[in-house]
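**Student:** Sharing a model that was predicted from the sequence below.
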Amino acid sequence: MLKQKNYLALGAVVLAAIILLSLPSRATARLKLSVGSWFLPLFGLAGAAQQLPADLADSVLSRRELLHQVDSLRRENQQLRSQAVQGVAIARENDQLRALFNWQRQSPWRLKLANVVMRDPANWWRTVQIDLGTRDGLRENLPVITDAGLVGRVSSVSLTRAQVILVGDPNCRVSAIVENASRDMGVLLAGGTLDTSLVELTYLASSANLKPGQGVITSGLGGIFPKGIPIGQVVDSRSVEYGLYTDARVKLNANLGSLEQVWVLFP
Amino acid sequence: MNLFRTILILAFAFLAVFGEATLAAPRHLLGAQVDVLPALMVYAALNSGLPTIALLAVLGGVCFDTLSANPLGVSILPLAAIGWPIYWRRDLILHDLPFAQFVLGAVASAAAPLLTLLLLLSGGKDLLIGWGTLWQWIVMTAVGAVATPFIFSLMDACNRALGYQERVEPGFRLDREIQRSRKKL
């Protein structure tokens, strides 16, 4: 009798796993969304707990320190304003030149700030979740950046949360250009399993003239990432497949190990 | 079956999965995120019944996969595959000994990620694995082994403090009372 009960329970668990694994992707996403909502109160608590030390630190700052901060922020604000004025003038000039050559006008990207609320608990994926969702206008494949450089792309979106695949995950491939004279182009693939700051730039031409320290930016090919987002810098390179092409290791500008806030780019 | 123990195990699994997704310290310090669900499954298999093991495998696995990029349901079978053999052989295991808990925790924490990886690879998934994965596997095994006796102590303490104790039948029984009377012979 006991053995029969054992097999029944085991069969039920196996059946549940098979049913879940064979569900269509839309149903799986919905199920993940509904189960993920169980964690919302905990996310709220964790957010409040993280905010508390910052609030406490703010409340005990001296008046002198606050005045110093206001002063430095005011100066930074003035600098940024003058840069913005220059930027507007340059953009206007760019538009005029584009109109002159009958080139398509570039529409500026909008940015939306998001907090990173959790990381993937499994070691074989490199993803994070952010606190923006469909209600904020998010959709799949939007680029995600920090002020340092490229972070990844949005892979799935729910009402209040979105999953971001980070650069270095095998499912986030980025077409990239090395900032050298020959503008060598390659594809960013998976990074190291332990070091999140290094990724592999592969399929570079065998004649690529790579030197450590050269910048790597997005090429704009592929339709997901706009051209010119800084990715990182070349660390070293080697010839592979009997000289058929060149691989390079790239150190990412963005620190993916300690992401707290990121920007989502909207076209 | 003590229902409180089941609720406690499931609540602990829920909090553990949330902690694994939000605490970055293990990843920064050890280079790997640790998973305590296998260690919890060892506790459940040695101290609870089949429904608890099944619930932990399904709910724990689903919660883990929800917060991860794993396909939903892939973590259920590895957890079940740990729980069942231990449950079947639990009469032969000295489960009060911390060393036995340590060894079972090590075996469970080593087996769970391997089985999950096997399922993912057989499903054709493109995973981030390399030589560093070996280090992550060792870290997961070691931390899971060390965590298991602590989980046993913690769960037993919570159970004693918050749960109801099973009623112990007194030795006195009315039907066994010796009737003394002066009978006339």
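**Tutor:** Received, thanks.

**Student:** for the chain, longest helix please?
**Tutor:** I went with chain A, as the question did not name one. With secondary structure taken from DSSP state H, chain A has its longest helix at helix A:63-100.

**Student:** hmm, I had chain B in mind actually
**Tutor:** helix B:131-162.

**Student:** packing partners for that helix?
**Tutor:** helix B:3-22, helix B:25-30, helix B:37-47, helix B:98-122 (3 or more Cβ pairs under 8 Å, 6 or more residues apart in numbering or on different chains; DSSP states H and E). Quick note: C-beta positions are derived from backbone N, CA and C, even for glycine.

**Student:** For the stretch 1-150 of chain A, which residue gets nearest to chain B?
**Tutor:** residue A:20 (2.9 Å; Cβ to the nearest Cβ).

**Student:** worst-scoring helix or strand of chain B, pLDDT-wise?
**Tutor:** helix B:25-30 (a mean of 87; mean pLDDT, DSSP states H and E).

**Student:** As a markdown table, the helices and strands packed on helix B:131-162 with mean neighbour count would be great.
**Tutor:** Listed next are the helices and strands packed on helix B:131-162 as a markdown table, based on neighbours: other Cβ atoms under 10 Å in any protein chain shown:
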| stretch | mean neighbour count |
| --- | --- |
| helix B:3-22 | 19 |
| helix B:25-30 | 14 |
| helix B:37-47 | 27 |
| helix B:98-122 | 19 |
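
**Student:** want to throw these into TSV with distance to residue A:165?
**Tutor:** Shown next, in TSV, are the helices and strands packed on helix B:131-162 (distance: least, Cβ to Cβ, whole Å):
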stretch	distance to residue A:165
helix B:3-22	16
helix B:25-30	17
helix B:37-47	24
helix B:98-122	16
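
**Student:** Select, out of those helices, the one closest to chain A.
**Tutor:** Of all the helices and strands packed on helix B:131-162, it is helix B:3-22 that lies closest to chain A, at 3.9 Å by Cβ to the nearest Cβ.

**Student:** For the stretch 151-267 of chain A, give the residue positioned nearest to chain B.
**Tutor:** residue A:193 (3.1 Å).

**Student:** my guess is that residue is in a helix, correct?
**Tutor:** No. Applying DSSP: H, G, I helix; E, B strand; the rest coil, one finds residue A:193 to be coil, outside a helix.

**Student:** contacting residues around the residue lying closest to it once chain neighbours are set aside?
**Tutor:** Nearest non-adjacent residue to residue A:193, counting by Cβ to Cβ, 6 or more residues apart in numbering or on different chains: residue B:132, 3.1 Å away. For residue B:132, the contact set (Cβ atoms under 8 Å, 6 or more residues apart in numbering or on different chains) comprises A:192, A:193, A:194, A:195, B:31.

**Student:** ok, which pair from these is furthest apart?
**Tutor:** Within the contacts of residue B:132, A:192 and B:31 form the most distant pair, 10.2 Å apart (Cβ to Cβ).

**Student:** count of neighbours near residue A:267?
**Tutor:** Residue A:267: 9 surrounding residues under other Cβ atoms under 10 Å in any protein chain shown.

**Student:** Wait, it touches residue A:109, no?
**Tutor:** Yes. At 6.1 Å, residue A:267 counts as touching residue A:109 under the criterion of Cβ atoms under 8 Å.

**Student:** which SSE is residue A:201 in?
**Tutor:** strand A:198-205 (DSSP states H and E).

**Student:** So what are the sheet partners of that strand and their directions?
**Tutor:** If you go by DSSP bridges, strand A:198-205 pairs up with strand A:185-191 (antiparallel), strand A:245-252 (antiparallel).

**Student:** quick revisit: distance from the least confident helix or strand of chain B to the middle of the chain?
**Tutor:** 23 Å (Cα atoms, centre = their mean, to the nearest Å).

**Student:** quick revisit: kindly reformat the helices and strands packed on helix B:131-162 as a markdown table containing distance to chain A.
**Tutor:** Listed next are the helices and strands packed on helix B:131-162 as a markdown table, based on distance: least, Cβ to the nearest Cβ, whole Å:
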| stretch | distance to chain A |
| --- | --- |
| helix B:3-22 | 4 |
| helix B:25-30 | 7 |
| helix B:37-47 | 9 |
| helix B:98-122 | 7 |
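
**Student:** Keeping just the C-alphas, turn stretch A:43-62 into PDB.
**Tutor:** Presented in PDB, the C-alpha positions along stretch A:43-62 are these (Å, rounded to 0.1, in the frame of the first residue of the first chain):
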ATOM      1  CA  PHE A  43      10.100  43.000  -3.100                       C
ATOM      2  CA  GLY A  44       8.300  45.900  -1.400                       C
ATOM      3  CA  LEU A  45       9.800  45.000   2.000                       C
ATOM      4  CA  ALA A  46      13.300  44.500   0.600                       C
ATOM      5  CA  GLY A  47      13.000  47.900  -1.200                       C
ATOM      6  CA  ALA A  48      11.900  49.600   2.000                       C
ATOM      7  CA  ALA A  49      14.700  48.000   3.900                       C
ATOM      8  CA  GLN A  50      17.300  49.100   1.400                       C
ATOM      9  CA  GLN A  51      15.900  52.600   1.400                       C
ATOM     10  CA  LEU A  52      16.000  52.900   5.200                       C
ATOM     11  CA  PRO A  53      19.800  53.200   5.700                       C
ATOM     12  CA  ALA A  54      19.900  55.800   2.900                       C
ATOM     13  CA  ASP A  55      17.100  57.800   4.500                       C
ATOM     14  CA  LEU A  56      18.800  57.600   7.900                       C
ATOM     15  CA  ALA A  57      22.100  58.800   6.400                       C
ATOM     16  CA  ASP A  58      20.300  61.700   4.700                       C
ATOM     17  CA  SER A  59      18.700  62.700   7.900                       C
ATOM     18  CA  VAL A  60      21.900  63.000   9.800                       C
ATOM     19  CA  LEU A  61      23.900  64.900   7.200                       C
ATOM     20  CA  SER A  62      25.200  68.200   8.500                       C
END
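
**Student:** Looking only at it, what residues are buried by neighbour count?
**Tutor:** A:43, A:46 (16 or more other Cβ atoms under 10 Å in any protein chain shown).

**Student:** Can you pull out the low-pLDDT segments for chain A?
**Tutor:** A:1-2, A:105-107 (pLDDT under 70).

**Student:** mind giving me the domain split of it?
**Tutor:** As recorded under automatic domain parsing, the domains making up chain A are A:2-58, A:109-267.
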